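K.L.:
structure of the sequence below:
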Amino acid sequence: MHFNFSNLFTWNNFSIALDILIIWYLVYRLIMLIRGTKAVQLAKGIVFIFIVRIIAGLLQLHAVTYIVDQIVSWAVIGIIVIFQPEIRRGLERLGRTPIFSGRGESAHAKSVKMVQELDKAIQYMSKRRIGALITIQQDTGLDDYIETGIKLDADITGELLINIFIPNTPLHDGAVIINNNRIAVAAAYLPLSDSSMIPKRLGTRHRAAVGISEVTDAVTIVVSEETGGVTITKNGRFLLDLTREEYLKYLNAQLVPKEEKKIPWIRRVINKVWKWGAGR
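P.N.:
Purely as a prediction, here's the structure:
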């Protein structure tokens with residue numbers, strides 16, 4: 001039996017593949033959007049309802065099937081109400097997304113600049129023993145803690161960080177949370193750790209730094225208002241009284257991605273097509 005490859009490359013097959021890719025991408029972005037928020041538990045509940053519907057249909061449980069169908073029929077309105085904050089946040093991110101890759105500053109350059117501004121603030125506050133608590137989001141979302149703070153959505157500058165933590169100002173008490181190379185909020189509340197490994201001489205800021213590191217993979221910087229010492233926490237571990245060289249080395253290793261040569265998206269597509277054609 002002769003197979004004609006020309007029948008494979010039809011518009012119908014292309015539209016099916018494109019349809020699958022779009023749905024896959026939308027599901028992926030939805031998962032990334034709600035990750036680290038309370039909406040994850042609600043999403044699990046929705047998945048559970050659909051599993052119950054499938055099982056009820058297979059076992060011909062007509063009453064259960066009818067009830068679940070009624071729930072599903074009203075689920076669209078319920079999802080809009082329940083996930084309203086996530087939907088709004090997703091639309092805001094979509095509006096800020098550049099259409100063409102290569103626009104704006106690279107992730108490497110932004111991260112390098114962030115570390116430089118953090119260093120500027122740390123040096124100033126450490127010398128003057130100004131207490132500070134700065135949490136930098138990594139892979140695990142911090143949306144639940146961001147909601148407890150005062151929204152800033154500002155560029156990261158050393159001067160702004162210093163002004164936030166000046167004593168007896170409205171924002172100095174609490175944590176600054178940095179997300180996507182921007183200061184998301186100030187005066188945020190972080191969970192306190194009950195670990196017995198924390199020295200008793202350390203205060204609430206250090207316990208909050210260890211606490212957030214126990215439940216997320218965030219990198220948190222603490223400047224002690226008593227000694228001026230710099231501490232960094234991540235994954236339940238803390239590094240006490242770091243020198244400037246030590247904390248800069250750590251921050252660069254954790255926060256600055258390797259620099260990659262940017263190639264326009266159209267050129268990447270052409271290169272892949274060219275390699276595919278050459279391999280035939």
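
K.L.:
next, A56: phi, psi?
P.N.:
The phi/psi pair for A56 (degrees, to the nearest 10) reads phi -60, psi -40.

K.L.:
what residues are up against V52?
P.N.:
V52 makes contacts with 64, 68, as judged by CB atoms under 8 Å, 6 or more residues apart in numbering. Placement of C-beta: from N, CA and C, glycine included.

K.L.:
at 6 Å instead, please
P.N.:
V68 (CB atoms under 6 Å, 6 or more residues apart in numbering).

K.L.:
give me the element it is part of.
P.N.:
If you go by DSSP states H and E, V52 is part of helix 39-58.

K.L.:
go through that helix and flag the buried ones.
P.N.:
Residues of helix 39-58 classed as buried: 39, 42-43, 46, 52-53, 56 (neighbour count, 16 or more other CB atoms under 10 Å).

K.L.:
tell me the contacts of V176?
P.N.:
So V176 contacts 134, 186 (CB under 6 Å, 6+ apart).

K.L.:
what is the nearest of the buried residues of helix 39-58 to S224?
P.N.:
A39 (36.2 Å; CB to CB).

K.L.:
re the thing from before, angle of the helix or strand that the helix holding V52 is followed by against helix 39-58?
P.N.:
Note on helix 39-58: by DSSP H and E, the next helix or strand toward the C-terminus is helix 62-73. Counting by axes from the mean of the first three to the mean of the last three CA atoms, to 10 degrees, helix 62-73 points 140 degrees away from the direction of helix 39-58.

K.L.:
report all helices and strands that the helix or strand following helix 62-73 contacts.
P.N.:
Sequence order places helix 75-82 as the next helix or strand after helix 62-73, per DSSP H and E. Judged by 3 or more CB pairs under 6 Å, 6 or more residues apart in numbering; DSSP states H and E, helix 75-82 is in contact with no other helix or strand.

K.L.:
for helix 75-82, give me every contacting residue.
P.N.:
With CB under 6 Å, 6+ apart, helix 75-82 has contacts from L42.
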